[in-house]
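In: Got a sequence here, can you build the structure:
(one chain, ligands or ions: 1)
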Amino acid sequence: MRIVLVGPPGAGKGTQAAYLAENLSIPHISTGDLFRANISQGTELGQKAQEYMRSGQLVPDEVTIGMAKDRMEQPDAEVGFLLDGFPRNLAQAEALDAILKDAGLKLDAVLDLEVPEDEVVKRIAGRRMCRNDSSHIFHVEYTPSKVEGVCDLCGGELYQREDDSEETVRKRLAVYHSETEPIIDYYRAQSLVTTISALGQVSEVTTRAMAALGSGE
Ligand code: ADP
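Out: Model prediction:
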């Protein structure tokens, strides 16, 4: 299956993507994670991305599209993939269509995670990520780790993302509304979109998502 996950920052895309990718046996491709890996490795691409991410803006398409294409062309993505954070504007959606078309492939579904804006701000303010594995995500209030600052799953150090400050979150939300939301209509025109509520327990959202993808657990 080839799936695109959309939703505002804080909707739980990363958390859900990890479960969904495992359930569906397809790789989880997150452009945000790819950028963060490049930043921590100090690559040229990471240096280009860092300033944009820090201020909550989109990294330019010429950097992002090539990186996403390279990742989708890796052998493990032959069986399909779950895209998280890409495409994030109309130009990227059109580029993705062209990449898939050239390969004789198409998208199967676009899953839109819906969540009210005040909830998004609360989720992000308390979010803590594991340095070892970006799919290990906690929240100081909703899903706290047993020991503060330590990942329950692997013992890694938990940290707050640099772009998770309230000011940057508001900027990211504004960018989401102006740049990313239009891709939902673009995909609606192709009858690919299913919208689900991202409120409730993580496992409830996963069950809803699997049902929406026609693969109920
Ligand atoms: P979230 O969905 O919580 O905002 P991500 O980890 O997906 O977090 O993205 C973090 C940042 O990485 C974005 O604010 C943006 O700067 C950059 N980024 C990620 N994916 C893209 C993309 N497809 N195009 C441009 N910038 C991106």
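In: Look up how far Gln201 lies from the closest residue to the ligand within the chain.
Out: Closest residue of the chain to the ligand, CB to the nearest ligand atom: Gly32 (1.9 Å). Bear in mind the C-beta positions are built from the backbone N, C-alpha and C, glycine included. Going from Gly32 to Gln201 by CB to CB, to the nearest Å gives 23 Å.
In: For the two, indicate the residue with more neighbours.
Out: When Gly32 and Gln201 are compared for neighbours, Gly32 comes out ahead with 20 against 10, by other CB atoms under 10 Å.
In: so how far is Gln16 from that one?
Out: Taking CB to CB as the measure, Gly32 falls 14 Å from Gln16.
In: Could you do Pro144 as well?
Out: The value you get for Pro144 to Gln16, if CB to CB is used, is 19 Å.
In: likewise Lys48?
Out: For Lys48 relative to Gln16 (CB to CB), the value is 28 Å.
In: ok, those two, which is more surrounded?
Out: Gln16 (25 against 17).
In: That one against Val205, yeah?
Out: Yes: taking contacts as CB atoms under 8 Å, Gln16 lies within contact range of Val205: 5.9 Å.
In: Could you tell me which residues touch both of those two?
Out: 113, 198 (CB atoms under 8 Å, 6 or more residues apart in numbering).
In: out of everything not next to it in sequence, what's closest to Lys69?
Out: Spatial nearest neighbour of Lys69, excluding adjacent residues (CB to CB, 6 or more residues apart in numbering): Ile99 at 5.5 Å.
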